[in-house]
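> predicted model and sequence follow; I will ask about them next.
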Amino acid sequence: MQHEDSRPGTNRHAGGGLAAGRNASPAGQRIRIGHPLPDQFDGGQPHRGNPGGRPFPAATAAAKPSRSCPPRRQEHLTTAGREKSASAPNPTTWEQRKLGELVDDIATGKSVNSDDGIVGPGDVGIMKTSCVSYDTFDAGETKRVLPEEQSLVACPVEAKTLIVSRMNTPDKVGACGFVADDWPNLFLPDRLWRVRLRNSVEPYLVYVLLTSDGSKEVLRGMASGTSGSMHNIPKESFLDMELALPTSLEEQSRIAKQFASLDSLITLHQRKFSLPSCGIPIPLVPSIRRESPCIQYRGE
């Protein structure tokens, strides 16, 4: 009796026999369909190794990382697959990196005397610690620096940098905001860090990772202080923190763009639900993004 393999990837004639060609088996032998090699994938198009014109089942599994664990290097189960994976770079590879490897410069400003006046075009402003309290950067949270103190300010607010609250109350310490534009007349106090990242890293993706629930728990855990109201994050501990992100800058930018679009959409809808009595918007952009059950793709 002739044995017929019914697993996906085999082809049959109308009479029920196995198709002749590369997938045909010698008489009396059983066909074994293994995992396809990397060069058998061709964007889901018909391939000579798959006469049926359908993509191999393993192609879909390899393209989508599991949500139950951090994305890892997608290794093939065959020996040839392992050799090819080791010799050629994989653009979707994720790895654990310390912040110290990603940061180009971390600086802090100075505390100066100021008043509660509005910072105009010709004025110099100092940021309040509340400018990142809700994990978004609010350029309106400023105080006007007194004229005699303007020469003492340091650390201007720069585009494509992160502002991190290194000293704050236990529930606000470690808060982070992404700065999209330059603000040459606004400066940071000594309780805020300006984090400038290397050119090989997408800053918005690092911002997304730092504002995730897991990272915020780590940041709060490393903060300490004798005062019950103010906690401080040591710089060494902050730079020793690890994040999982793609090795490919192109992949980092692609993911960051998706989250930036999502945050913009949330902000747009958020404005429709501002408190009408005082005009204060509900600051929930990062928390909605973090707590949404549909958003788990963060390498966590």
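Here it is on my side, so go on. Here the structure is a predicted model, which is why all the values come from computation and not from measurement. Numbering: from 1, shown residues only.
> could you tell me how many residues sit around Gly117?
Residues contacting Gly117 under the criterion other CB atoms under 10 Å number 13. C-beta: built from backbone N, CA, C; applies to glycine.
> and it, helix, strand or coil?
Gly117 falls in the coil class when you classify it by DSSP: H, G, I helix; E, B strand; the rest coil.
> contacts only, for it.
The contact partners of Gly117, taken as CB atoms under 8 Å, 6 or more residues apart in numbering, are Asp123, Lys143, Arg144.
> state the distance from it to Thr169.
In this view, Gly117 and Thr169 are 26 Å apart by CB to CB, to the nearest Å.
> same deal with Val201?
Here the distance between Val201 and Thr169 works out to 29 Å (CB to CB).
> cool, and Val119?
Distance check for Val119 against Thr169: by CB to CB, it reads 25 Å.
> give me the more crowded residue out of those two.
Between Val119 and Thr169, Val119 has the larger neighbour count (other CB under 10 Å), namely 20 against 16.
> tally of neighbours for the residue nearest to that one when sequence neighbours are not counted?
Excluding its sequence neighbours, the residue lying closest to Val119 (CB to CB, 6 or more residues apart in numbering) is Gly125, at 3.6 Å. Other residues within reach of Gly125, judged by other CB under 10 Å, total 23.
> what's the answer for Asp115, then?
With neighbours defined by other CB under 10 Å, the count for Asp115 comes to 9.
> swap in Val179?
As a burial measure, Val179 scores 22 neighbours (other CB under 10 Å).
> again, but for the one 10 residues further on
A count of nearby residues for Pro189, using other CB under 10 Å, gives 21.
> just Val145 next, same as before
Counted with other CB under 10 Å, Val145 comes out at 24.
> got the contact list for it?
When contacts are counted by CB under 8 Å, 6+ apart, Val145 touches Val112, Asn113, Ser114, Asp123, Val124, Gly125, Ile126, Val153, Phe187.
> ok, which stretches of the chain are helices?
For the chain, the helices defined by DSSP state H occupy 57-63, 79-87, 99-102, 203-210, 213-222, 235-239, 249-270, 285-291.
> what about the strands in the stretch 51-200 of the chain?
Counting by DSSP state E, counting those that start in this stretch, residue ranges of the strands within the stretch 51-200 of the chain are 94-98, 103-108, 114-115, 125-127, 142-145, 156-157, 161-165, 167-168, 176-179, 183-187, 192-197.
> of these, which is nearest Ala260?
Shortest distance between Ala260 and the strands of the stretch 51-200 of the chain, using CB to CB, is found for strand 176-179: 8.8 Å.
> where does pLDDT dip in the stretch 151-300 of the chain?
Judged against pLDDT under 70, the low-scoring parts of the stretch 151-300 of the chain cover residues 227, 271-300.
> check the stretch 1-150 of the chain too.
Within the stretch 1-150 of the chain, the stretches falling below the threshold (pLDDT under 70) are 1-91.
> tell me the one of the contacts of Val145 nearest Thr93?
Closest approach to Thr93 among the contacts of Val145 (CB to CB): Phe187, at 39.2 Å.
> could you list the buried residues of stretch 159-174?
Buried residues in stretch 159-174, defined by neighbour count with 16 or more other CB atoms under 10 Å: Thr161, Leu162, Ile163, Val164, Ser165, Arg166, Met167, Asn168, Thr169, Lys172, Val173, Gly174.
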